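*Asks:* when you get a sec, could you give me coordinates for this:
(chains A and B)
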Amino acid sequence: MANLRIEHLNKRYGATTVLNDVNLKIEDGEFVVLVGPSGCGKSTLLRMIAGLDGASGGDIHIAGKPVNTLAPAERGIAMVFQSYALYPHMNVRKNMTFGLKFTGVPPAERERRVAEAARMLRLEELLERYPRDLSGGQRQRVAIGRAIVREPAVFLFDEPLSNLDAALRVSTRVEIANLHRLLKSTIVYVTHDQVEAMTLADRIVVMNKGCIEQVGRPLDLYYAPANLFVAGFIGSPAMNFFEAKVGSVEGGCARVAGPGFRSFDLPTASLRVGDTLTVGVRPEHLGRGEDGPFAVEGVVELVERLGESSFAYVRRADDRLFVAEVRGRQTPMPGERATFFAAARDVHVFDAASLRVSTQNDA
Amino acid sequence: MTAEQRARSLGVHLVLIAYSLLAVGPILLVVMNSFKTRSAIFGSPLAPPDATTFSLVGYEKVFRSSHILTYYSNSLIVTLVSMALVLLFGAMAAWALTEYRFRGSTALALFLSIGIMVPIRLGSVAILNMMRSAGLNDTLTALILVYVAQGLPMSIFILSEFIQQIPKDLRDAARCDGVPETRIFFEVVAPLLRPAIATVAVFTIVPIWNDLWFPLILTSSDSTHTVTLGVQQFLGQYITDWNSVLAALSMAILPVVVIYVILSRQLIAGLTSGAVK
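*Replies:* Down below sits the predicted model:
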């Protein structure tokens, strides 16, 4: 168990910058998920923590100790790969003990750890089998078992669920969450799946183009995204964005107006007349019920029914589409004209630099 | 299957059968005639041995009049030691060249690929001089050294291709596990290279076993002759002892066939792996 500190970390391949001045502190026992679109540098960051890729600049500390020059095995980490990376010519037991031979763990202790991990991951029956005889989910459990027996200070997971089918992904996700509760270990977990990020993480690190966009608890990211990128990335379907301008400023309130939606007052002091804004509202916060300060009107073009709710794709007067989630059995019909409202606290406003405009609604 | 498809498949098979006959025919002829009397060899060379023509005289003569067992063991030693060294150094070099980036690695890979393009026999005179000044002429060591040099470039080339197919995650996982680099090579990579190693083994063994040139120029005494060179003593300028020649050749074929049979399953896996995924 250990904390992890990353300071001014850089990674360049020739002229391309993969990671740009990354700073991150991870507390002991914390489950941190790195999430972002492909190519954002999250896997590179994980590999650098593991010591598989070198840094172009900056420092990594594990348990207060700088590890930049240490080999992966000396850093006290264990990594679980997306492809499982099990040794194909060794059975499950050997897969788990193979690495321990080289780190000076005595045979009796190896057996104890394997038995313990096998019990935890329900692998007892499979110890003599070879990876080729296992299903995807079993292989992933063996890969996790191989990490557990190392008793690492930090667990690193690189998209461990991406190769599993949907049902298995959910159950393995629950297993990983349980494992974290049981082991209370520090975990850094990379995924591009925001559902995994939201469900597993104590804190989420949203990355984009080699930079950290925001670090925060899952619900903080959801309810108060720091910038346009995080707002658009977290949440599914993605947040609706509306272009807007500040019409007038009066008594600590800015009048926000734009094509396609009703103008509303924003209780903030930081805006000036003529500022360009982006207004964001999540589909699930757009309702047809009570009137809110934010209202948008359009013609329903398409309805996707999911059962408990439906997604309505609505075309606004200025010919742009937005999505609204409609709960219950009363789904709108295509061709119907409908108005959707959102409460003040569900309306996110971003300035020209894509940063969140803080308002008194946030309080 | 339509008639057209059947006709096509028949045509393909006819070509393949014809080719097989062409390839196997001479070998069959050699083996068959080695069990016949001298007059039968000349009288009806294409007939299989029967009760009247059957004779082991060739084999008897070979065992009586020559050092065939010495030649045999020389051939085996040279071939097997060369193969082992080619495989070991080839796999290690291929691993180093594909896995590690170091100063001059590209130049080294290029240098090795020159060995594939330039036939080693071009250097025969230089090799002979070198071996003589190293005091290695007329030794099996000389042959082994030459054959290792001859086999290495191709084996590195083939094994590099195979090593690149081994998932990179596997090496990373081993590194995270704390496995030392040499053990990663010998205990993780090498076992996965088995089909490739079998392929390279066959490609290495056959030309070494069959080689006449280097034993001819590098060995001079009976105690260092190989089978292919030893057979030559039955081929005279005026008389050729066909019984003995054919018997010795038949025996020379045997080990290669045995090794091929042992390795063939791996070989087929090696040749077709990656083709279907």
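*Asks:* how deep is residue 247 tucked in, by neighbour count?
*Replies:* If you meant another chain, say so; for now it's chain A. Applying other C-beta atoms under 10 Å in any protein chain shown, we find 15 residues neighbouring A:Gly247. For glycine as for every other residue, the C-beta is placed from the backbone atoms N, C-alpha and C.
*Asks:* can you look at chain B instead?
*Replies:* Residues near B:Ala247, counting by other C-beta under 10 Å: 27.
*Asks:* quick one: contacts for it?
*Replies:* B:Ala247 makes contacts with B:34, B:58-59, B:61-62, as judged by C-beta atoms under 8 Å, 6 or more residues apart in numbering or on different chains.
*Asks:* A:Arg132 now?
*Replies:* A:Pro88.
*Asks:* can you pull the pLDDT of it?
*Replies:* Per-residue confidence at A:Arg132 stands at 88 (pLDDT).
*Asks:* could you look up the SS state of it?
*Replies:* What DSSP: H, G, I helix; E, B strand; the rest coil gives for A:Arg132 is helix.
*Asks:* I'd like to know how far it sits from A:Ala85.
*Replies:* Distance, A:Arg132 to A:Ala85, using C-beta to C-beta, to the nearest Å: 14 Å.
*Asks:* A:Val206 too?
*Replies:* Counting by C-beta to C-beta, the separation of A:Val206 from A:Ala85 is 27 Å.
*Asks:* am I right that A:Leu46 is in contact with A:Leu156?
*Replies:* Yes: under the criterion of C-beta atoms under 8 Å, A:Leu46 makes contact with A:Leu156 at 5.4 Å.
*Asks:* hmm, back to that, ok, which pair from the contacts of B:Ala247 is furthest apart?
*Replies:* B:Ser34 and B:Lys61 (11.2 Å; C-beta to C-beta).
*Asks:* who touches both of these two?
*Replies:* Common neighbours of B:Ser34 and B:Lys61 (C-beta under 8 Å, 6+ apart) are B:243, B:247.
*Asks:* looking at these two, which is more packed in?
*Replies:* Ranked by neighbour count (other C-beta under 10 Å), B:Ser34 and B:Lys61 place B:Ser34 first, with 26 against 17.
*Asks:* for that one, which non-adjacent residue is closest in space?
*Replies:* Among residues not flanking B:Ser34 along the chain, B:Leu246 sits closest, at 3.8 Å (C-beta to C-beta, 6 or more residues apart in numbering or on different chains).
*Asks:* what's the burial count for that neighbour?
*Replies:* 24.
*Asks:* walk me through the domains of chain A.
*Replies:* For chain A, automatic domain parsing gives the domain ranges A:4-232, A:237-362.
*Asks:* need the winner for burial among those.
*Replies:* domain A:4-232 (a mean of 19; mean count of other C-beta atoms under 10 Å in any protein chain shown).
*Asks:* what's the spacing between A:Ala118 and A:Met96?
*Replies:* 8 Å.
*Asks:* so what sits against both of the two?
*Replies:* In contact with both A:Ala118 and A:Met96: A:Gly145, using C-beta under 8 Å, 6+ apart.
*Asks:* where does pLDDT dip in chain A?
*Replies:* A:1, A:361-363 (pLDDT under 70).
*Asks:* 80 instead, please
*Replies:* A:1, A:289-291, A:329-330, A:358-363 (pLDDT under 80).
*Asks:* up against chain B, what does the stretch 101-250 of chain A have?
*Replies:* Counting by C-beta under 8 Å from any C-beta of the partner chain, the residues of the stretch 101-250 of chain A close to chain B are A:102-103, A:146, A:150.
*Asks:* quick one: the helices in the chain?
*Replies:* Picked chain A for this. A:42-50, A:92-101, A:107-121, A:136-148, A:166-183, A:194-200, A:218-223, A:228-233 (DSSP state H).
*Asks:* wrong one, chain B
*Replies:* Under DSSP H, chain B gives helices at B:3-34, B:38-43, B:57-65, B:68-99, B:105-117, B:124-133, B:140-165, B:168-176, B:181-183, B:190-192, B:194-210, B:213-218, B:227-231, B:242-272.
*Asks:* please identify which of these is closest to A:Leu277.
*Replies:* Of the helices of chain B, nearest to A:Leu277 by C-beta to C-beta is helix B:168-176, at 45.2 Å.
*Asks:* other residues contacting that closest one?
*Replies:* A:47, A:50-52, A:71-73, A:77-79, A:81-87, A:98-99, A:146, B:99, B:183-184, B:188-189, B:192.
*Asks:* any low-confidence regions in chain B?
*Replies:* Looking at chain B by pLDDT under 80, you get B:1-2, B:38-39, B:44-47, B:50-53, B:55, B:64-66, B:232-241, B:263-277.
*Asks:* enumerate the residues of it near chain A.
*Replies:* Checking chain B against chain A by C-beta under 8 Å from any C-beta, the hits are B:167, B:169-170, B:172-180, B:183, B:187-188, B:191-192.
*Asks:* which residues touch the nearest residue to A:Leu127 once chain neighbours are set aside?
*Replies:* Nearest residue to A:Leu127, sequence neighbours excluded (C-beta to C-beta, 6+ apart): A:Arg93, at 4.5 Å. Contact analysis of A:Arg93 by C-beta under 8 Å, 6+ apart lists A:114, A:127-128.
*Asks:* nearest to chain B, of those?
*Replies:* A:Val114 (13.7 Å; C-beta to the nearest C-beta).
*Asks:* hang on, that closest one packs against A:Phe98?
*Replies:* No: in this structure A:Val114 lies outside contact range of A:Phe98 using C-beta under 8 Å: 10.9 Å.
*Asks:* OK, contacts around the closest residue to A:Leu302 other than its chain neighbours?
*Replies:* Closest residue to A:Leu302 in three dimensions, ignoring its sequence neighbours and counting by C-beta to C-beta, 6+ apart: A:Tyr313, at 4.3 Å. A:Tyr313 makes contact with A:300-304, A:321-323 under the criterion C-beta under 8 Å, 6+ apart.
*Asks:* tell me the bridge partners for A:Tyr313.
*Replies:* On the basis of DSSP bridges, A:Tyr313 is bridged to A:Leu302, A:Val323.
*Asks:* for A:Val114, see how far away it is.
*Replies:* Counting by C-beta to C-beta, the gap from A:Tyr313 to A:Val114 is 53 Å.
*Asks:* what of A:Arg139?
*Replies:* Distance from A:Arg139 to A:Val114, by C-beta to C-beta: 16 Å.
*Asks:* list the contacts for the closest residue to B:Glu161 other than its chain neighbours?
*Replies:* Closest residue in space to B:Glu161, ignoring its immediate chain neighbours: B:Ala196 at 8.0 Å, by C-beta to C-beta, 6+ apart. Counting by C-beta under 8 Å, 6+ apart, B:Ala196 touches B:158-159, B:161-162, B:270.
*Asks:* kindly report the same for A:Tyr130.
*Replies:* Residues in contact with A:Tyr130, defined by C-beta under 8 Å, 6+ apart, are A:88-92.
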